[in-house]
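> Have a look at this fold, sequence not included:
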C-alpha cells in the first residue's frame, strides 16, 4: 500500500462510492457517503492505516429531514484526515456499526445511541455509556425537539458490569465518591488476592448537558462554557472551540494572536505536567517531590495570573484572537520565569527519580503496550508514552506551531515511568517554545473581528492540549447561535486504556496508574 | 505502695499525653524537611479535641466489635505503659513485664482492629485487615527475636531486667549483637506503627492503605480513640527502642529527682529517635506491597544474626 496521503485518501473515498469528494481544511479531504457504505470504507481506510478518530451526530431533521453523522478517519497523527458525512433518515434512525472494527468508533456509537437514540446496527455492547440508569427509557436529550424532563428515577437495576467469578476472586467497588478531592467515578475491580484481574469503570456521574447548553447559550457566552468543559484544560478547550468558530465563519485570528495562543497553551501544559509529576511522586509516598512540584505549580499559576489575568488562563483566548493582559504581556520576562521554574522542576524530578524506591514503584507499573494502545486508539500523552509517535502540535499544527517545529516526546515502555518522563520532556519543550515565541512573535493586533456565521456553517477545531488532542465541531444556527457543538476531550478516548494498563498489577498500585493517566471526569461526562 | 501507684500514674500520663506531641513533632519535622512550614507540633491535641466533640457515625451493619475496638485499643496501650520501663526499670506491672506479654498486648489491639475493619462490611476495611494481619504475622517474630537477643545477653526476658543489666554493664551495648538487634527492631517498628516505607499514614488513597483502611469507617470520639491509640503505639515502640538499647537515665529508684531526670533523658532520646524517623520517612518512598515481606524478612535476618552473635561473641 502506498503511503497515506491526501490523494490516496480521496481515491479510497471515490472507490467506496463517496460523492462530493473535495479538499477541506488543510490536510483534510471531505466527502458524503450513504450509511450502508461506511463499513466497507472503514475497512478500506484501515488497510491504508486510517482509523476512526471521531464520530459525531447532529440533529438536522428540521433542515434536512435526517440526522447527520460526521466521521473523521485518520492515522494516529490525525493528518491526512478524511471527513465523511452520512445522513441517517429520521424515520430509520439506524446506521451500520463499526464497533467490531474500531474500538474508538464503538464508544462514539454508544454515546450517540444514548444521546440521540440512533441505533448502531451490529454493535455488540449497547450498555449505557453517557447516561445513567436514572434517565428514562426513550428520552434522547440531544434531539432538538425534546422538552426537558424531571421524571428521573432509579431504574432499580444494577449496571450490568462484567462479572469475574471463581475460587478466591473478589470484587472491590471504589467510588463514585472518593476520599480525596477528585471527581466522581466508579471503579469495579475483580481481584485475586491483591492482583487485579479485571477493572471496569463507570463514568457519567457529572454528565451535565454541556453540549446541549451550547445550543441554547448566546454565542458570546459560548467560549466561557468551552473553557469549563474540563477545568484543567481551559486554554485547550477554548482554543479548539475558537478555532472551530473561526473555521465556520471563514475568519482567522491575526498572526500575533496565533503566537500568543502558543504561550497560553504551553503555560497550561506546564502547570498540569508539574502538578501531575508531583502527584505521581506523592502516590509513592515521597513527600519531597510532591511538596516542591506543588510549590512550582503555584508559582506557575501566579505567572498565569500575571500573563492572562486568570490563574487557570480563562478569558484569554477568544474568537478571533486573544484578549486581556496577554495582549501586552512581556514575553521575554515570561520566558525567563518559565525557564527558571522548568529548571527547578527538572531538578526536583531528578532527585525524585534518582531515589531507587521511587523508581522501583514507577518502573513496569501500569504498563500499556504499544499494541494495546493502538487497538484502543489511545491518544496524546498516554499514547506517546506507549510508543505512538503522534503529536497534533507537530502533525496537525494549530496556532503558530508549524513555524516553531515541535519535538514530540515519545517513550516506548508504556509504564508509569514513561508517562512521567513524557511530562518531563514536554515541560522542557514548553520552556523552549515559549522562549522561541518571545523572540519571534510578530507585532500587530492580537484580535480581529470574525465575519458573521451563516446558518449551517460548520468547522472543526483540533488542538493538542496537555492530555492530548481536543476536538470541537461547531455547526452554526445563525449569526448569534449554534446548532450543535461536539466536544471530544482526550479523556473520552483514554479512559478505557486504564482498564488494560492495571491488569496484573496489584490493587495498591492502582492510584499510581490512575494518576499517571490523570484523565478528566468532567471532560468525559459532557 | 503510694510510690508505686504514683509512678504507675506518671508513666501512664507520660505515654498518654506525650504520644500526640511526638506525632506532632514528627509531622512538623517532616514538613520542614521537605520545605513546607507544616502544622504546629501541638496540632494532634487540637485534632483529638475536635474529634472528641463530634458525634460518631456507625454503620448499621456494625456489631459490638466495632464499638468496643477503640476502647480495647486505647486500654491495651495504657496497660503497656504500666509494663514498659518508660521512666523506671520496675513499673507497677513490671513483674509481668516481659516481651511476650508486651507483644500480645500489641496483638490484642491489632486483632480487634482487624475484626473491626471486617465488621462494617466495607471493601476497604477488609482489604486493610488482610494486609495488616499479613504484615503483623511477619513483624511479630522479628520483634520477639530482636528482644530475645538482648534478653539472652542480660539473662532475663523481663524488660526491666534487661534495662538494669545493660545500665550496669554499658559495654554490653557496644556489641554487634546489640546494634543488629537495634536495626531489626527499628525496621519492625516502622511496620508495626504503620510508617513509611511500609504504610503511608498521610495518604488519602484508600486502595493503598493498610492501617488507615481499617479505621476508615471510624468517626468522632471513636476515631479520636483510635488515633490516640496509634500515637501511643508509636510512642511505646520508640520508648522501647530508646530504653532497651540506650537505657541510661531509666532509674530503679522511685524518688522524684531520678524520675525527673529519667523524664528528661527520655525526652532527649525520643527527640533523637523522632528526628531519625523523620529523616527515614522523608528519604524513602512507600514500598510496593509485595516488597514488604522482603523488608521484614531482612529485618528478621538481622534479628537472627543478632541472636547468633550472642553465642558466637560470647
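Sure thing, it's come through. Treat the numbers as computed from the prediction; the structure is a model and nothing was measured.
> what sits against residue A:426?
A:269, A:273, A:381, A:409, A:466 (C-beta atoms under 8 Å, 6 or more residues apart in numbering or on different chains). No exception for glycine: its C-beta is placed from N, CA and C like everyone else's.
> In three-state terms, label the closest residue to residue A:492 other than its chain neighbours for me.
Distances taken as C-beta to C-beta, 6 or more residues apart in numbering or on different chains put residue A:524 closest to residue A:492, at 5.0 Å, once the chain neighbours are dropped. State at residue A:524, reduced to three classes by DSSP: H, G, I helix; E, B strand; the rest coil: coil.
> would residue A:154 count as being in a helix?
No. If the criterion is three-state DSSP, then residue A:154 is coil and not within a helix.
> What is the burial count for it?
Counted by other C-beta atoms under 10 Å in any protein chain shown, the residues lying close to residue A:154 total 8.
> Chain B versus that one, what's the distance?
According to C-beta to the nearest C-beta, to the nearest Å, residue A:154 stands 20 Å off from chain B.
> so that residue makes contact with residue A:135?
No. Judged on C-beta atoms under 8 Å, residue A:154 makes no contact with residue A:135 at a distance of 10.8 Å.
> For the closest residue in space to residue B:273 that isn't next to it in sequence, give me its contacts.
Leaving aside its sequence neighbours, residue B:273 sits nearest to residue B:238 (C-beta to C-beta, 6+ apart; 4.9 Å). Going by C-beta under 8 Å, 6+ apart, residue B:238 touches B:22, B:189, B:270, B:273-274, B:277.
> before we move on, the earlier item: in contact with the residue nearest to residue A:492, which residues?
By C-beta under 8 Å, 6+ apart, the contact list for residue A:524 reads A:203-204, A:489, A:491-492, A:495.
> Please identify which of the residues you listed is nearest to residue A:319.
The closest of the contacts of residue A:524 to residue A:319 turns out to be residue A:489 (C-beta to C-beta; 20.0 Å).
> tell me the contacts of that closest one?
Going by C-beta under 8 Å, 6+ apart, residue A:489 touches A:229-230, A:233, A:237, A:467, A:470, A:520, A:523-524, A:526.
> go on, residue A:18?
Applying C-beta under 8 Å, 6+ apart to residue A:18 gives the contacts A:31-33, A:37, A:41, A:84.
> Tell me the most packed of the residues you listed, by neighbour count.
Going by other C-beta under 10 Å, residue A:84 tops the contacts of residue A:18 with 26 neighbours.
> which SSE is the closest residue to that residue other than its chain neighbours in?
In space, and not counting its chain neighbours, residue A:84 is closest to residue A:71: 4.5 Å by C-beta to C-beta, 6+ apart. Per DSSP states H and E: residue A:71 is located in strand A:66-74.
> ok, that strand: who's next to it in the sheet?
Each strand that pairs with strand A:66-74, with its direction, by DSSP bridges: strand A:51-60 (antiparallel), strand A:81-89 (antiparallel).
> The residue nearest to residue A:84 contacts residue A:86, doesn't it?
Yes. With contact defined as C-beta under 8 Å, residue A:71 and residue A:86 form a contacting pair (6.9 Å).
> Look up the residues that both of those two are in contact with.
Common contact partners of residue A:71 and residue A:86 (C-beta under 8 Å, 6+ apart): residue A:38.
> Tell me which helix or strand in chain B has the weakest average pLDDT.
helix B:159-168 (a mean of 84; mean pLDDT, DSSP states H and E).
> which of the residues in that helix are buried?
Across helix B:159-168, burial judged by 16 or more other C-beta atoms under 10 Å in any protein chain shown covers B:159-167.
> Please, which helix or strand holds the residue of chain A found nearest chain B?
Per C-beta to the nearest C-beta, residue A:285 is where chain A lies closest to chain B, at 3.4 Å. Using DSSP H and E, residue A:285 falls within no helix or strand.
> Is it correct that it is in contact with residue B:197?
Yes. Between residue A:285 and residue B:197 there is a contact under C-beta under 8 Å: 7.0 Å.
> Now the common contact residues for the two.
Residues touching both residue A:285 and residue B:197 by C-beta under 8 Å, 6+ apart: B:284-286.
> Return the closest of those residues with respect to residue B:208.
Closest approach to residue B:208 among the shared contacts of residue A:285 and residue B:197 (C-beta to C-beta): residue B:286, at 7.2 Å.
> so what's the closest one up against?
By C-beta under 8 Å, 6+ apart, the residues touching residue B:286 are A:284-285, A:357, A:361, B:196-200, B:208.
> Take the buried residues of helix B:159-168 and lay them out in a markdown table including distance to chain A.
Converted to a markdown table, the buried residues of helix B:159-168 look like this (distance: C-beta to the nearest C-beta, whole Å):
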| residue | distance to chain A |
| --- | --- |
| B:159 | 32 |
| B:160 | 37 |
| B:161 | 39 |
| B:162 | 33 |
| B:163 | 34 |
| B:164 | 39 |
| B:165 | 38 |
| B:166 | 34 |
| B:167 | 37 |
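> Quick one: those residues as JSON lines, columns for distance to residue B:176 too.
Output for the buried residues of helix B:159-168, formatted as JSON lines (distance: C-beta to C-beta, whole Å):
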{"residue": "B:159", "distance to residue B:176": "22"}
{"residue": "B:160", "distance to residue B:176": "24"}
{"residue": "B:161", "distance to residue B:176": "22"}
{"residue": "B:162", "distance to residue B:176": "17"}
{"residue": "B:163", "distance to residue B:176": "20"}
{"residue": "B:164", "distance to residue B:176": "22"}
{"residue": "B:165", "distance to residue B:176": "18"}
{"residue": "B:166", "distance to residue B:176": "15"}
{"residue": "B:167", "distance to residue B:176": "20"}
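> which SSE is the closest residue to chain A within the stretch 201-314 of chain B in?
Nearest residue of the stretch 201-314 of chain B to chain A (C-beta to the nearest C-beta) works out as residue B:286 at 3.4 Å. Using DSSP H and E, residue B:286 is not contained in any helix or strand.
> for the residue nearest to it when sequence neighbours are not counted, phi and psi?
Leaving aside its chain neighbours, residue B:286 sits nearest to residue A:285 (3.4 Å; criterion: C-beta to C-beta, 6+ apart). The phi/psi pair for residue A:285 (degrees, to the nearest 10) reads phi 90, psi 10.
> And the helix or strand residue B:273 falls within, what does it pack against?
Residue B:273 is located in helix B:256-283, with elements delineated by DSSP H and E. Where contact means 3 or more C-beta pairs under 8 Å, 6 or more residues apart in numbering or on different chains; DSSP states H and E, helix B:256-283 is packed against helix A:287-308, helix B:2-33, helix B:220-245.
> Does the shortest one reach chain B?
What it means is helix A:287-308. Yes. Residues of helix A:287-308 are located near chain B by C-beta under 8 Å from any C-beta of the partner chain, namely A:287-288, A:290-292, A:295.
> List the strands paired with the helix or strand following that helix, with their directions.
Counting by DSSP H and E, the next helix or strand C-terminal to helix A:287-308 is strand A:317-318. Strand pairing for strand A:317-318, determined by DSSP bridges: strand A:321-322 (antiparallel).
> Next, the residue sitting furthest away from the middle of chain A: phi, psi?
Within chain A, residue A:167 marks the point farthest from the mean C-alpha position, 39.6 Å out by C-alpha atoms, centre = their mean. Here is the backbone geometry of residue A:167 (degrees, to the nearest 10): phi -60, psi 130.
> Over to residue A:121?
The phi/psi pair for residue A:121 (degrees, to the nearest 10) reads phi -70, psi 130.
> Burial check on it, number of neighbours?
Counted with other C-beta under 10 Å, residue A:121 comes out at 13.
> contacting residues for the nearest residue to residue A:249 once chain neighbours are set aside?
Nearest residue to residue A:249, sequence neighbours excluded (C-beta to C-beta, 6+ apart): residue A:450, at 4.5 Å. By C-beta under 8 Å, 6+ apart, the contact list for residue A:450 reads A:245-246, A:249, A:251, A:319-320.
> swap in residue B:281?
Contact partners of residue B:281, counting by C-beta under 8 Å, 6+ apart, are A:287, B:26, B:30, B:195-196.
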